[in-house]
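Enquirer: give me the fold of what follows.
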Amino acid sequence: MQLNTATPEQLRQWESELLSEYENLKQQQLNLDLTRGKPSSDQLSLSDALDGILKGDYTAADGTDTRNYGGLDGIGEAKALGAELLGVNGDEILVGGNSSLTLMYLSAQTAFNFGLNGPDSAWNKQEKVKFLCPVPGYDRHFSICEQLGIEMVAVPMLSDGPDMDVVEQLIKDDSSIRGMWCVPKYSNPTGIIYSDATVNRIAQLGNIASPDFRVFWDNAYAVHDLNSEFEELANIMEACRKHGTESSVLQFCSTSKITQAGAGISFMGASSSNLSAVKKVLSIQSIGPDKVNQLRHLRFLPNKEAVLTHMQKHAALLRPRFECVLKNLEEGFGGTELGTWEAPEGGYFVSFDCLPNVAKAAVKLSADAGVKLTPAGATFPYGNDPQDRNIRIAPSVPSVEELDTAMKVFVTCVKLASVQSKL
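Expert: Predicted coordinates for the structure are as follows:
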């Protein structure tokens, strides 16, 4: 199917055939959800051993009774694991509850309202505050900016990370830029890994930006490789130490897609000054995190090596799902101009770009046929994809058989929306 060379008669014939196929699909009354990157029940079951693992022993290695109040920044064992995962020193870690997003929001709120370098550094003292947002990107990052009234500036994502020429020029030209979102490994949704050169350039932004500028380094998929080979990401903190910009980056990750998504633990890695500012605000909100949950996680996964071994079990469940998506995309669109996509080596998503002005129509057609997708535009600030092209596919929850059915619906809907757009 080559739309660019098709005659109007051919287009109408294709539309008729695709509409017939589409109506047959609707008759199946499907109810399949590909909207969010959640672990499947089989993946969650990999961590069932967490239940009862403490066997009545609630004492941390330093003698702390984890059932009690206190320990605002987490128990020592959890800090050690977080330091290993994020590549920072043990005193540069704060351990929280089940959501790293909570720590990101807390950090952004602290910077905005109270300042990370004292009250005078609070972002809200500026007439305007802007954030750089590599696109396509993660919708929840954009929601944080929207709630705080931070203006978002889209930056193109390349095959090795954000377009750093654009990033550096924007920062040099606009003093109101106070931050940038990054998902550096298996980026959401494109699945790319930032190159060493990109990481090094990001580490140097602190030398050209405002002293209050912060990179929010959301390393959500740090250990989420689909293959047996662990892909290393350059250590951002090491690069920052080299350039004297340690306070310009805030790192985050969690066990949400490692153990139990709703009952994991989260980590924030940052310089002592950044952690101090965040903990000052946190101490007003909380007397301490769930240290019992932290302890049971560390009994289950005591170090990074144990985490990587555990993640191979996740990979075995996820790999066939990604293969199913890619197989259907290749069979449906290979050799045509109807779509392009990434073939990620890890993470939780497949990013698909259809023809301009087709994504919203394709997503609606899919929903009407019983296959829910992330709303078109969600991977861009304000939900506005200027070209209406990008669709994020989340393959993890359905079974392989269900996913195969969902992708056949998706392929038909993209083809139908493309033909109708051309007509």
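
Enquirer: enumerate every residue touching Q43.
Expert: Applying C-beta atoms under 8 Å, 6 or more residues apart in numbering, we find Q43 in contact with 257, 314, 317-318, 396. For the C-beta atoms, the positions are set from N, CA and C on the backbone; glycine is no exception.

Enquirer: what is the nearest of the residues you listed to S100?
Expert: Within the contacts of Q43, the smallest distance to S100 is 10.5 Å, found for K257 (C-beta to C-beta).

Enquirer: ramachandran angles for that closest one?
Expert: When read as degrees, to the nearest 10, the backbone of K257 gives phi -110, psi 20.

Enquirer: on that earlier part again, what's the most distant pair in the contacts of Q43?
Expert: Largest separation among the contacts of Q43 by C-beta to C-beta: K257 and L317, giving 11.6 Å.

Enquirer: what segments of this structure are strands?
Expert: Along the chain, the stretches classed as strands by DSSP state E are 32-34, 93-96, 130-135, 151-158, 161-162, 177-182, 214-218, 249-254, 266-269, 339-341, 350-354, 371-373, 390-393.

Enquirer: which residues are contacting the fifth one?
Expert: Residues external to strand 161-162 that are found in contact with it (C-beta under 8 Å, 6+ apart): 132, 134, 155-156, 180, 182, 184, 187, 192, 194-195, 198-199, 202.

Enquirer: that older thread, can you tell me which of the contacts of Q43 are in helices?
Expert: Counting by DSSP state H, the contacts of Q43 place 314, 317-318 in helices.

Enquirer: and stretch 379-399, how far out from the chain middle?
Expert: Per C-alpha atoms, centre = their mean, to the nearest Å, the displacement of stretch 379-399 from the mean C-alpha position of its chain is 12 Å.

Enquirer: next, the buried residues of it.
Expert: Of all the residues in stretch 379-399, those buried under the rule 16 or more other C-beta atoms under 10 Å are 379-381, 385, 388-398.

Enquirer: for stretch 118-131, same thing?
Expert: Buried residues in stretch 118-131 (16+ other C-beta under 10 Å): 121-123, 129-131.

Enquirer: more crowded one of K257 and L317?
Expert: More crowded of K257 and L317, by other C-beta atoms under 10 Å: K257, with 23 against 16.

Enquirer: list the contacts of that one.
Expert: So K257 contacts 37, 39, 43, 220-221, 224, 314, 348 (C-beta under 8 Å, 6+ apart).

Enquirer: from those residues, which two are the most distant?
Expert: Q43 and A220 (15.1 Å).

Enquirer: using CSV, list the CA coordinates for stretch 123-143.
Expert: Presented in CSV, the C-alpha positions along stretch 123-143 are these (Å, rounded to 0.1, in the frame of the first residue of the first chain):
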residue,chain,number,x,y,z
TRP,A,123,12.0,29.2,41.0
ASN,A,124,8.7,31.0,41.8
LYS,A,125,10.7,34.2,42.4
GLN,A,126,11.3,34.3,38.7
GLU,A,127,8.8,36.0,36.3
LYS,A,128,8.8,32.9,34.2
VAL,A,129,10.1,29.4,34.6
LYS,A,130,10.7,27.0,31.7
PHE,A,131,11.7,23.3,31.4
LEU,A,132,13.2,21.5,28.5
CYS,A,133,11.3,18.4,27.5
PRO,A,134,12.8,15.9,25.0
VAL,A,135,10.0,14.6,22.8
PRO,A,136,8.4,12.2,22.5
GLY,A,137,8.6,11.8,26.3
TYR,A,138,6.8,10.8,29.5
ASP,A,139,3.4,12.4,30.1
ARG,A,140,3.6,12.4,33.9
HIS,A,141,6.7,14.5,33.7
PHE,A,142,4.7,17.0,31.7
SER,A,143,1.9,16.9,34.3
